[in-house]
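Trainee: sequence plus the predicted model coming up.
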Amino acid sequence: MCLAIPVLIKSIEDKEAEVEIGGVTCRISLWLTPEARVGDYALVHTGYAINILNQEEAEETLRLFEEIAEAEEKG
Amino acid sequence: MKFITEFRRSELAEGLISQIHRRSKTPVRFMEFCGGHTVTIFRYGIRQVLPKTIEMVSGPGCPVCVTANADLDKAIALSQIPEVIIATFGDMLKVPGSHSSLQKVKAGGADVRVVYSTTNALEIAEENPTESVIFLGIGFETTAPTIAASILQAEERGIKNYYILSMHKLCPPVIRALLDSGEVKLQGLICPGHVSTIIGSHPWEFIARDYGIPCVVSGFEPLDILQCVDMLVAQVENGESKVEIAYRRGVHPEGNREALKLIEQVFEPCPTKWRGIGEVPDSGLKLRKEYQHFDAELAFDIDPGPTYEPRGCICGDILRGVKTPADCKLFGKACTPEYPVGPCMVSSEGSCSAYYLYGGDFEG
(Lines give C-alpha, C1' and ligand atoms only; values in the text may rest on other atoms or scores of the structure.)
Protein backbone atom coordinates (compact mmCIF):
# COMPACT_ATOMS: atom_id res chain seq x y z
CA MET A 1 0.00 0.00 0.00
CA CYS A 2 2.93 2.32 0.69
CA LEU A 3 4.25 1.47 -2.76
CA ALA A 4 6.13 4.36 -4.34
CA ILE A 5 7.93 4.24 -7.66
CA PRO A 6 10.80 6.34 -9.03
CA VAL A 7 9.77 8.49 -12.01
CA LEU A 8 11.59 11.12 -14.08
CA ILE A 9 10.07 14.61 -13.98
CA LYS A 10 9.78 15.89 -17.58
CA SER A 11 8.08 19.22 -17.04
CA ILE A 12 6.55 21.25 -14.21
CA GLU A 13 3.54 23.55 -14.27
CA ASP A 14 2.51 25.16 -11.00
CA LYS A 15 2.05 22.30 -8.44
CA GLU A 16 1.90 19.55 -11.07
CA ALA A 17 4.51 17.66 -13.04
CA GLU A 18 4.43 15.58 -16.18
CA VAL A 19 6.20 12.26 -15.73
CA GLU A 20 6.55 9.02 -17.63
CA ILE A 21 5.45 5.78 -15.95
CA GLY A 22 6.04 2.60 -17.96
CA GLY A 23 6.01 4.51 -21.26
CA VAL A 24 2.80 6.36 -20.40
CA THR A 25 2.82 10.08 -19.70
CA CYS A 26 1.02 10.97 -16.47
CA ARG A 27 0.51 14.01 -14.29
CA ILE A 28 1.52 13.93 -10.65
CA SER A 29 1.07 16.39 -7.82
CA LEU A 30 4.02 18.27 -6.31
CA TRP A 31 2.13 19.44 -3.21
CA LEU A 32 4.51 17.51 -0.95
CA THR A 33 7.74 18.28 -2.84
CA PRO A 34 7.84 21.97 -3.78
CA GLU A 35 11.62 21.60 -4.27
CA ALA A 36 11.14 19.33 -7.34
CA ARG A 37 13.00 20.31 -10.53
CA VAL A 38 12.82 19.06 -14.12
CA GLY A 39 15.25 16.14 -14.49
CA ASP A 40 14.79 14.97 -10.89
CA TYR A 41 13.63 11.45 -10.10
CA ALA A 42 10.66 11.61 -7.73
CA LEU A 43 9.25 8.82 -5.58
CA VAL A 44 5.56 8.74 -6.53
CA HIS A 45 2.87 7.38 -4.21
CA THR A 46 -0.85 7.53 -5.16
CA GLY A 47 -0.26 10.34 -7.64
CA TYR A 48 1.87 12.51 -5.35
CA ALA A 49 5.65 12.92 -5.33
CA ILE A 50 6.58 12.12 -1.71
CA ASN A 51 10.31 12.77 -2.10
CA ILE A 52 13.05 13.56 -4.58
CA LEU A 53 15.51 10.67 -4.85
CA ASN A 54 19.09 11.46 -3.91
CA GLN A 55 21.33 10.38 -6.79
CA GLU A 56 24.61 10.79 -4.88
CA GLU A 57 23.39 8.58 -2.05
CA ALA A 58 22.19 5.96 -4.55
CA GLU A 59 25.61 5.90 -6.24
CA GLU A 60 27.36 5.71 -2.87
CA THR A 61 25.20 2.72 -1.83
CA LEU A 62 25.94 0.90 -5.11
CA ARG A 63 29.69 1.57 -4.68
CA LEU A 64 29.47 0.01 -1.22
CA PHE A 65 27.74 -3.09 -2.66
CA GLU A 66 30.47 -3.39 -5.30
CA GLU A 67 33.18 -3.21 -2.62
CA ILE A 68 31.40 -5.91 -0.57
CA ALA A 69 31.01 -8.15 -3.65
CA GLU A 70 34.70 -7.71 -4.51
CA ALA A 71 35.88 -8.37 -0.94
CA GLU A 72 33.64 -11.45 -0.58
CA GLU A 73 34.87 -12.88 -3.89
CA LYS A 74 38.49 -12.51 -2.80
CA GLY A 75 37.81 -13.66 0.79
CA MET B 1 20.49 5.85 -12.89
CA LYS B 2 16.85 4.81 -12.95
CA PHE B 3 16.78 3.76 -9.28
CA ILE B 4 15.27 0.30 -9.95
CA THR B 5 17.28 -2.27 -11.93
CA GLU B 6 20.56 -1.08 -10.39
CA PHE B 7 19.28 -2.44 -7.07
CA ARG B 8 18.45 -5.89 -8.47
CA ARG B 9 21.88 -6.95 -9.75
CA SER B 10 22.50 -10.59 -8.84
CA GLU B 11 26.32 -10.33 -8.62
CA LEU B 12 25.95 -7.63 -5.96
CA ALA B 13 23.34 -9.75 -4.15
CA GLU B 14 25.83 -12.61 -3.99
CA GLY B 15 28.35 -10.39 -2.21
CA LEU B 16 25.80 -9.25 0.37
CA ILE B 17 24.51 -12.81 0.94
CA SER B 18 28.06 -14.07 1.41
CA GLN B 19 28.81 -11.29 3.93
CA ILE B 20 25.60 -12.03 5.87
CA HIS B 21 26.50 -15.76 6.06
CA ARG B 22 30.01 -14.94 7.23
CA ARG B 23 28.93 -12.43 9.88
CA SER B 24 25.77 -14.01 11.31
CA LYS B 25 26.55 -16.20 14.35
CA THR B 26 23.74 -15.49 16.83
CA PRO B 27 20.26 -16.94 16.21
CA VAL B 28 17.92 -13.96 15.64
CA ARG B 29 14.36 -13.15 14.68
CA PHE B 30 13.89 -10.06 12.50
CA MET B 31 10.51 -8.56 11.67
CA GLU B 32 9.78 -6.75 8.44
CA PHE B 33 7.00 -4.39 9.50
CA CYS B 34 5.94 -3.37 6.02
CA GLY B 35 3.84 -5.43 3.61
CA GLY B 36 5.84 -4.03 0.69
CA HIS B 37 8.97 -5.56 2.21
CA THR B 38 7.12 -8.87 2.70
CA VAL B 39 6.37 -8.92 -1.03
CA THR B 40 10.03 -8.23 -1.98
CA ILE B 41 11.23 -10.93 0.44
CA PHE B 42 8.87 -13.53 -1.03
CA ARG B 43 9.15 -12.49 -4.68
CA TYR B 44 12.95 -12.70 -4.65
CA GLY B 45 13.18 -15.76 -2.38
CA ILE B 46 15.18 -13.87 0.22
CA ARG B 47 14.18 -16.12 3.15
CA GLN B 48 15.69 -19.07 1.27
CA VAL B 49 19.12 -17.44 0.78
CA LEU B 50 19.57 -16.31 4.39
CA PRO B 51 21.51 -18.43 6.89
CA LYS B 52 19.60 -20.68 9.32
CA THR B 53 20.52 -18.30 12.13
CA ILE B 54 18.07 -15.70 10.76
CA GLU B 55 14.33 -16.14 11.13
CA MET B 56 12.12 -13.59 9.38
CA VAL B 57 8.58 -12.76 10.54
CA SER B 58 6.09 -10.44 8.87
CA GLY B 59 4.51 -7.57 10.76
CA PRO B 60 1.25 -5.62 10.61
CA GLY B 61 2.38 -3.10 7.98
CA CYS B 62 -0.48 -3.54 5.53
CA PRO B 63 -3.13 -0.79 5.91
CA VAL B 64 -5.86 -2.83 4.22
CA CYS B 65 -5.15 -5.81 6.49
CA VAL B 66 -5.24 -3.84 9.73
CA THR B 67 -8.43 -1.91 8.94
CA ALA B 68 -10.91 -3.02 11.59
CA ASN B 69 -14.10 -4.71 10.45
CA ALA B 70 -16.11 -2.00 12.21
CA ASP B 71 -14.50 0.66 9.95
CA LEU B 72 -15.17 -1.37 6.85
CA ASP B 73 -18.79 -1.75 7.96
CA LYS B 74 -19.00 2.05 8.22
CA ALA B 75 -17.72 2.43 4.64
CA ILE B 76 -20.28 -0.11 3.43
CA ALA B 77 -23.09 1.67 5.34
CA LEU B 78 -22.05 5.00 3.76
CA SER B 79 -22.23 3.42 0.29
CA GLN B 80 -25.94 2.66 0.87
CA ILE B 81 -26.88 6.34 1.23
CA PRO B 82 -28.57 7.68 -1.92
CA GLU B 83 -26.50 10.17 -3.93
CA VAL B 84 -23.26 9.11 -2.30
CA ILE B 85 -20.27 8.09 -4.39
CA ILE B 86 -17.61 6.07 -2.57
CA ALA B 87 -14.11 6.67 -3.95
CA THR B 88 -11.53 4.13 -2.82
CA PHE B 89 -8.17 2.58 -3.56
CA GLY B 90 -8.79 -0.72 -5.33
CA ASP B 91 -7.30 -2.85 -2.53
CA MET B 92 -10.35 -2.23 -0.33
CA LEU B 93 -12.97 -3.63 -2.74
CA LYS B 94 -12.74 -7.32 -1.93
CA VAL B 95 -12.14 -7.07 1.84
CA PRO B 96 -15.05 -8.80 3.56
CA GLY B 97 -16.76 -6.73 6.27
CA SER B 98 -19.17 -8.21 8.82
CA HIS B 99 -21.98 -8.69 6.33
CA SER B 100 -20.75 -7.69 2.87
CA SER B 101 -17.87 -6.15 0.91
CA LEU B 102 -17.59 -3.00 -1.19
CA GLN B 103 -17.41 -5.23 -4.27
CA LYS B 104 -20.71 -6.90 -3.38
CA VAL B 105 -22.54 -3.64 -2.65
CA LYS B 106 -21.15 -2.23 -5.91
CA ALA B 107 -22.58 -5.23 -7.77
CA GLY B 108 -25.84 -4.49 -5.96
CA GLY B 109 -25.96 -0.98 -7.39
CA ALA B 110 -24.00 1.19 -4.94
CA ASP B 111 -21.82 3.82 -6.62
CA VAL B 112 -18.32 2.66 -5.61
CA ARG B 113 -15.46 3.91 -7.77
CA VAL B 114 -11.83 2.86 -7.71
CA VAL B 115 -9.37 5.74 -7.86
CA TYR B 116 -5.61 5.81 -8.06
CA SER B 117 -5.23 9.10 -6.20
CA THR B 118 -7.20 11.62 -4.15
CA THR B 119 -6.81 13.94 -7.15
CA ASN B 120 -9.17 11.58 -9.06
CA ALA B 121 -11.64 11.70 -6.16
CA LEU B 122 -11.61 15.51 -6.26
CA GLU B 123 -12.30 15.42 -10.01
CA ILE B 124 -15.26 13.09 -9.44
CA ALA B 125 -16.60 15.54 -6.84
CA GLU B 126 -16.28 18.44 -9.28
CA GLU B 127 -17.98 16.49 -12.07
CA ASN B 128 -20.89 15.44 -9.82
CA PRO B 129 -21.84 18.56 -7.87
CA THR B 130 -25.25 17.21 -6.76
CA GLU B 131 -23.73 14.09 -5.19
CA SER B 132 -21.45 13.58 -2.21
CA VAL B 133 -18.08 11.96 -2.80
CA ILE B 134 -16.64 10.09 0.19
CA PHE B 135 -13.01 9.08 -0.07
CA LEU B 136 -12.01 6.09 2.06
CA GLY B 137 -8.89 7.39 3.78
CA ILE B 138 -6.82 4.34 4.53
CA GLY B 139 -3.07 4.18 4.78
CA PHE B 140 -0.11 4.96 6.99
CA GLU B 141 2.02 8.11 7.26
CA THR B 142 2.98 7.66 3.59
CA THR B 143 -0.60 8.21 2.41
CA ALA B 144 -1.90 10.61 5.09
CA PRO B 145 -0.21 13.73 3.63
CA THR B 146 -1.80 13.05 0.22
CA ILE B 147 -5.22 12.96 1.91
CA ALA B 148 -4.35 16.15 3.83
CA ALA B 149 -3.35 17.78 0.53
CA SER B 150 -6.71 16.77 -1.00
CA ILE B 151 -8.59 18.47 1.85
CA LEU B 152 -6.61 21.67 1.32
CA GLN B 153 -7.17 21.47 -2.45
CA ALA B 154 -10.91 21.00 -1.89
CA GLU B 155 -10.91 24.17 0.24
CA GLU B 156 -8.87 26.08 -2.32
CA ARG B 157 -11.13 25.03 -5.21
CA GLY B 158 -14.37 25.50 -3.24
CA ILE B 159 -15.38 21.82 -3.54
CA LYS B 160 -18.13 21.35 -0.95
CA ASN B 161 -19.25 17.80 -1.76
CA TYR B 162 -15.98 16.04 -0.87
CA TYR B 163 -15.63 14.08 2.37
CA ILE B 164 -13.24 11.56 3.85
CA LEU B 165 -13.73 8.61 6.16
CA SER B 166 -10.50 8.78 8.14
CA MET B 167 -9.13 5.31 8.88
CA HIS B 168 -5.47 6.38 8.85
CA LYS B 169 -3.00 4.63 11.06
CA LEU B 170 0.39 5.56 12.49
CA CYS B 171 3.20 3.01 12.65
CA PRO B 172 5.45 3.82 15.66
CA PRO B 173 2.62 3.55 18.25
CA VAL B 174 1.54 0.12 17.01
CA ILE B 175 5.10 -1.21 17.13
CA ARG B 176 5.24 -0.06 20.74
CA ALA B 177 1.96 -1.91 21.41
CA LEU B 178 3.30 -5.09 19.75
CA LEU B 179 6.52 -5.00 21.76
CA ASP B 180 4.68 -4.25 25.01
CA SER B 181 2.41 -7.26 24.48
CA GLY B 182 5.50 -9.48 24.80
CA GLU B 183 3.97 -11.96 22.35
CA VAL B 184 6.73 -11.66 19.80
CA LYS B 185 10.42 -11.37 20.68
CA LEU B 186 12.56 -9.57 18.13
CA GLN B 187 16.29 -8.99 17.72
CA GLY B 188 15.88 -6.61 14.80
CA LEU B 189 13.31 -4.51 13.01
CA ILE B 190 13.25 -3.68 9.30
CA CYS B 191 11.60 -0.26 9.46
CA PRO B 192 9.19 0.73 6.68
CA GLY B 193 10.89 2.71 3.90
CA HIS B 194 8.22 5.00 2.56
CA VAL B 195 6.65 5.68 5.95
CA SER B 196 10.16 6.84 6.92
CA THR B 197 10.39 8.96 3.75
CA ILE B 198 7.66 11.04 5.40
CA ILE B 199 8.44 10.78 9.14
CA GLY B 200 12.22 10.32 8.98
CA SER B 201 14.24 7.92 11.12
CA HIS B 202 13.98 9.68 14.52
CA PRO B 203 10.49 8.31 15.43
CA TRP B 204 12.01 4.78 15.56
CA GLU B 205 14.65 5.68 18.12
CA PHE B 206 12.57 4.61 21.13
CA ILE B 207 12.66 1.02 19.83
CA ALA B 208 16.46 0.88 19.85
CA ARG B 209 16.75 2.86 23.10
CA ASP B 210 13.90 1.48 25.25
CA TYR B 211 13.64 -2.08 23.90
CA GLY B 212 17.27 -2.64 22.82
CA ILE B 213 16.18 -3.72 19.34
CA PRO B 214 18.37 -2.81 16.34
CA CYS B 215 16.43 -0.87 13.68
CA VAL B 216 17.31 -0.31 10.02
CA VAL B 217 15.16 1.59 7.50
CA SER B 218 15.06 -0.34 4.24
CA GLY B 219 14.16 0.29 0.60
CA PHE B 220 12.08 -2.09 -1.47
CA GLU B 221 14.47 -3.67 -3.97
CA PRO B 222 16.11 -7.03 -3.18
CA LEU B 223 19.56 -5.48 -2.63
CA ASP B 224 17.96 -3.00 -0.20
CA ILE B 225 16.54 -5.84 1.92
CA LEU B 226 19.84 -7.76 1.89
CA GLN B 227 21.77 -4.64 2.90
CA CYS B 228 19.27 -4.02 5.70
CA VAL B 229 19.56 -7.60 7.02
CA ASP B 230 23.36 -7.32 6.84
CA MET B 231 23.28 -4.07 8.87
CA LEU B 232 20.96 -5.65 11.46
CA VAL B 233 23.28 -8.66 11.74
CA ALA B 234 26.25 -6.32 12.23
CA GLN B 235 24.44 -4.49 15.07
CA VAL B 236 23.48 -7.80 16.74
CA GLU B 237 27.00 -9.22 16.52
CA ASN B 238 28.50 -5.95 17.82
CA GLY B 239 26.03 -5.86 20.71
CA GLU B 240 24.55 -2.55 19.52
CA SER B 241 21.02 -1.25 19.14
CA LYS B 242 20.59 1.93 17.13
CA VAL B 243 18.58 3.30 14.23
CA GLU B 244 20.29 3.30 10.86
CA ILE B 245 19.08 4.16 7.36
CA ALA B 246 19.99 1.74 4.59
CA TYR B 247 17.58 3.42 2.16
CA ARG B 248 19.55 6.66 2.02
CA ARG B 249 18.49 7.62 -1.50
CA GLY B 250 14.85 7.78 -0.38
CA VAL B 251 14.90 8.67 3.31
CA HIS B 252 16.27 11.70 5.13
CA PRO B 253 16.62 11.45 8.93
CA GLU B 254 14.23 14.41 9.31
CA GLY B 255 11.67 13.03 6.82
CA ASN B 256 9.65 15.23 4.46
CA ARG B 257 8.94 18.41 6.41
CA GLU B 258 6.41 19.73 3.91
CA ALA B 259 4.39 16.50 4.16
CA LEU B 260 4.62 16.47 7.98
CA LYS B 261 3.41 20.09 8.04
CA LEU B 262 0.31 19.15 6.01
CA ILE B 263 -0.51 16.16 8.27
CA GLU B 264 -0.12 18.40 11.34
CA GLN B 265 -2.28 21.15 9.83
CA VAL B 266 -5.22 18.91 8.88
CA PHE B 267 -5.12 15.97 11.34
CA GLU B 268 -4.57 15.25 15.00
CA PRO B 269 -3.72 11.88 16.61
CA CYS B 270 -6.53 9.82 18.11
CA PRO B 271 -6.92 6.28 19.45
CA THR B 272 -7.87 3.77 16.77
CA LYS B 273 -8.65 0.09 16.46
CA TRP B 274 -6.33 -2.26 14.57
CA ARG B 275 -7.50 -5.65 13.37
CA GLY B 276 -5.99 -8.34 15.56
CA ILE B 277 -4.31 -5.83 17.86
CA GLY B 278 -7.21 -3.81 19.28
CA GLU B 279 -7.30 -0.16 20.21
CA VAL B 280 -3.92 1.57 20.30
CA PRO B 281 -3.61 5.08 21.81
CA ASP B 282 -2.55 7.88 19.43
CA SER B 283 -2.22 5.49 16.50
CA GLY B 284 -4.94 7.03 14.33
CA LEU B 285 -5.59 10.40 12.72
CA LYS B 286 -8.79 12.43 12.89
CA LEU B 287 -9.58 15.73 11.22
CA ARG B 288 -8.86 18.82 13.29
CA LYS B 289 -11.85 20.97 14.29
CA GLU B 290 -11.24 23.46 11.46
CA TYR B 291 -11.60 20.67 8.89
CA GLN B 292 -14.39 18.63 10.46
CA HIS B 293 -16.85 19.66 7.73
CA PHE B 294 -14.95 17.16 5.55
CA ASP B 295 -15.59 14.31 8.01
CA ALA B 296 -17.99 11.76 6.46
CA GLU B 297 -18.79 10.28 9.88
CA LEU B 298 -20.05 13.64 11.14
CA ALA B 299 -21.81 14.62 7.90
CA PHE B 300 -23.83 11.42 7.45
CA ASP B 301 -25.94 9.49 9.90
CA ILE B 302 -25.14 5.79 9.64
CA ASP B 303 -25.81 2.67 11.67
CA PRO B 304 -23.47 -0.10 10.53
CA GLY B 305 -24.88 -2.58 13.07
CA PRO B 306 -22.93 -5.13 15.09
CA THR B 307 -19.52 -6.29 13.89
CA TYR B 308 -18.62 -9.94 13.26
CA GLU B 309 -15.21 -11.45 12.60
CA PRO B 310 -14.91 -14.22 10.00
CA ARG B 311 -14.95 -17.67 11.67
CA GLY B 312 -11.69 -19.60 11.63
CA CYS B 313 -9.67 -16.67 10.22
CA ILE B 314 -6.37 -16.04 12.04
CA CYS B 315 -5.41 -12.80 10.24
CA GLY B 316 -5.20 -11.05 13.63
CA ASP B 317 -2.55 -13.50 14.91
CA ILE B 318 -0.66 -13.30 11.61
CA LEU B 319 -0.63 -9.49 11.78
CA ARG B 320 0.92 -9.65 15.27
CA GLY B 321 3.64 -11.95 13.96
CA VAL B 322 2.68 -14.80 16.34
CA LYS B 323 1.31 -17.14 13.66
CA THR B 324 2.01 -17.65 9.96
CA PRO B 325 -0.41 -18.46 7.13
CA ALA B 326 0.81 -22.07 7.41
CA ASP B 327 -0.98 -22.26 10.78
CA CYS B 328 -4.36 -21.32 9.25
CA LYS B 329 -6.83 -24.11 8.45
CA LEU B 330 -8.56 -21.94 5.84
CA PHE B 331 -5.38 -21.00 3.93
CA GLY B 332 -5.42 -22.10 0.29
CA LYS B 333 -8.65 -24.04 0.83
CA ALA B 334 -11.61 -21.92 1.98
CA CYS B 335 -9.49 -18.76 1.66
CA THR B 336 -7.80 -17.89 -1.67
CA PRO B 337 -7.11 -14.57 -3.46
CA GLU B 338 -10.18 -15.29 -5.63
CA TYR B 339 -12.47 -15.90 -2.61
CA PRO B 340 -10.70 -14.35 0.37
CA VAL B 341 -12.03 -14.84 3.90
CA GLY B 342 -9.58 -12.51 5.62
CA PRO B 343 -7.88 -9.27 4.59
CA CYS B 344 -4.33 -10.71 4.56
CA MET B 345 -5.40 -12.77 1.54
CA VAL B 346 -7.09 -9.80 -0.18
CA SER B 347 -4.31 -7.25 -0.18
CA SER B 348 -1.44 -7.96 -2.55
CA GLU B 349 0.80 -6.99 0.38
CA GLY B 350 -0.88 -9.29 2.89
CA SER B 351 1.19 -12.17 4.29
CA CYS B 352 -1.35 -14.78 3.15
CA SER B 353 -1.40 -13.42 -0.38
CA ALA B 354 2.43 -13.41 -0.51
CA TYR B 355 2.55 -17.01 0.81
CA TYR B 356 -0.12 -18.05 -1.71
CA LEU B 357 1.50 -16.37 -4.72
CA TYR B 358 5.17 -17.05 -4.08
CA GLY B 359 5.03 -20.12 -1.84
CA GLY B 360 5.82 -19.98 1.84
CA ASP B 361 8.72 -21.80 3.43
CA PHE B 362 6.48 -24.56 4.75
CA GLU B 363 5.05 -27.89 3.70
CA GLY B 364 1.40 -27.32 2.93
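Mentor: Sure, I can see it. Numbers count the residues shown, from 1 in each chain, chains lettered A, B, ... in the order given.
Trainee: how much space between the closest residue to chain A within the stretch 51-200 of chain B and B:T197?
Mentor: The stretch 51-200 of chain B approaches chain A most closely through B:S117 (2.8 Å), counting by Cβ to the nearest Cβ. (C-beta placed from N, C-alpha, C; glycine too.) Distance of B:S117 to B:T197, computed by Cβ to Cβ, to the nearest Å: 17 Å.
Trainee: what secondary structure does B:M56 sit in?
Mentor: Reducing the assignment to helix, strand or coil with DSSP: H, G, I helix; E, B strand; the rest coil, the entry for B:M56 is strand.
Trainee: show me what contacts it?
Mentor: Shown here is B:M56, whose contacts under the criterion Cβ atoms under 8 Å, 6 or more residues apart in numbering or on different chains are B:29-32, B:41, B:46-47, B:50.
Trainee: sorry, back to before: the more surrounded of B:S117 and B:T197?
Mentor: Under the criterion of other Cβ atoms under 10 Å in any protein chain shown, the comparison of B:S117 against B:T197 puts B:T197 first, with 27 against 21.
Trainee: and the more buried one, backbone torsions?
Mentor: In terms of degrees, to the nearest 10, the main-chain angles of B:T197 are phi -50, psi -40.
Trainee: got a list of what it touches?
Mentor: A:4, A:43, A:50-51, B:142, B:250-251, B:255-256.
Trainee: taking those residues one by one, which sit in helices?
Mentor: Residues of the contacts of B:T197 located in helices (DSSP state H): none.
Trainee: closest one to B:P343 out of those, please.
Mentor: Distance to B:P343 across those (Cβ to Cβ) is lowest for B:T142, with 18.4 Å.
Trainee: report how many residues lie close to that closest one.
Mentor: By the criterion of other Cβ under 10 Å, B:T142 has 30 neighbours.
Trainee: my guess is it contacts A:L32. True?
Mentor: No. Using Cβ atoms under 8 Å, B:T142 is not in contact with A:L32; the gap is 10.4 Å.
Trainee: give me the distance between stretch B:270-287 and the centre of its chain.
Mentor: 13 Å (Cα atoms, centre = their mean, to the nearest Å).
Trainee: what residues of stretch B:243-261 count as buried?
Mentor: With burial defined by 16 or more other Cβ atoms under 10 Å in any protein chain shown, the residues of stretch B:243-261 counted as buried are B:243-252, B:255-256, B:258-260.
Trainee: next one: it to chain centre, how far?
Mentor: Relative to its chain's centre, stretch B:243-261 lies at 18 Å (Cα atoms, centre = their mean).
Trainee: which pair of the contacts of B:T197 spans the longest distance?
Mentor: Comparing all pairs in the contacts of B:T197 by Cβ to Cβ, the longest separation belongs to A:A4 and B:G255, at 13.9 Å.
Trainee: so in the chain, which strand runs the longest?
Mentor: Since you didn't name a chain, this refers to chain A. The single longest strand within chain A, with elements called by DSSP state E, is strand A:5-13.
Trainee: my bad, the chain I had in mind was chain B
Mentor: Counting by DSSP E, the longest strand found in chain B is strand B:278-287.
Trainee: in the helix or strand following that one, what's buried?
Mentor: Towards the C-terminus, the helix or strand next in line after strand B:278-287, according to DSSP states H and E, is helix B:296-299. Applying a neighbour-count criterion of 16+ other Cβ under 10 Å, one finds B:296-297 buried in helix B:296-299.
Trainee: what's the pLDDT at residue 68?
Mentor: I went with chain A, as the question did not name one. Here, the pLDDT recorded for A:I68 equals 97.
Trainee: other chain: chain B
Mentor: Looking at B:A68 specifically, the model assigns a pLDDT of 94.
Trainee: tell me the spacing between the nearest residue to it once chain neighbours are set aside and B:C65.
Mentor: Residue nearest to B:A68 in three dimensions, not counting chain neighbours: B:K273, with 4.2 Å by Cβ to Cβ, 6 or more residues apart in numbering or on different chains. As defined by Cβ to Cβ, B:K273 lies at a distance of 13 Å from B:C65.
Trainee: who's more crowded, the two?
Mentor: Set side by side, B:K273 and B:C65 show more neighbours around B:C65, with 29 against 19, by other Cβ under 10 Å.
Trainee: how about the contacts made by the residue most central in space within chain B?
Mentor: Chain B has B:C62 as the residue nearest its centroid, 2.8 Å off, counting by Cα atoms, centre = their mean. For B:C62, the contact set (Cβ under 8 Å, 6+ apart) comprises A:1, B:34-35, B:38, B:319, B:343-344, B:347, B:349-351.
Trainee: dump those residues into TSV; add neighbour count as well.
Mentor: Written out in TSV, the entries for the contacts of B:C62 read as follows (neighbours: other Cβ atoms under 10 Å in any protein chain shown):
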residue	neighbour count
A:M1	25
B:C34	29
B:G35	28
B:T38	26
B:L319	27
B:P343	31
B:C344	35
B:S347	26
B:E349	24
B:G350	30
B:S351	29
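Trainee: closest one of those residues to B:R176?
Mentor: Comparing the contacts of B:C62 against B:R176 with Cβ to Cβ places B:L319 closest, at 15.4 Å.
Trainee: give me the pLDDT value at the closest one.
Mentor: Looking at B:L319, its pLDDT is 94.
Trainee: now it, what are its backbone angles?
Mentor: The phi and psi torsions at B:L319 (degrees, to the nearest 10) take the values phi -70, psi -30.
Trainee: all strands for the chain, in order.
Mentor: Reading this off chain A. Taking DSSP E to define them, one finds strands in chain A at A:5-13, A:16-21, A:24-29, A:41-45, A:48-52.
Trainee: ah, no, chain B please
Mentor: Using DSSP E, strands in chain B cover B:28-34, B:54-61, B:84-88, B:111-114, B:132-137, B:162-166, B:188-191, B:215-217, B:243-245, B:267-274, B:278-287.
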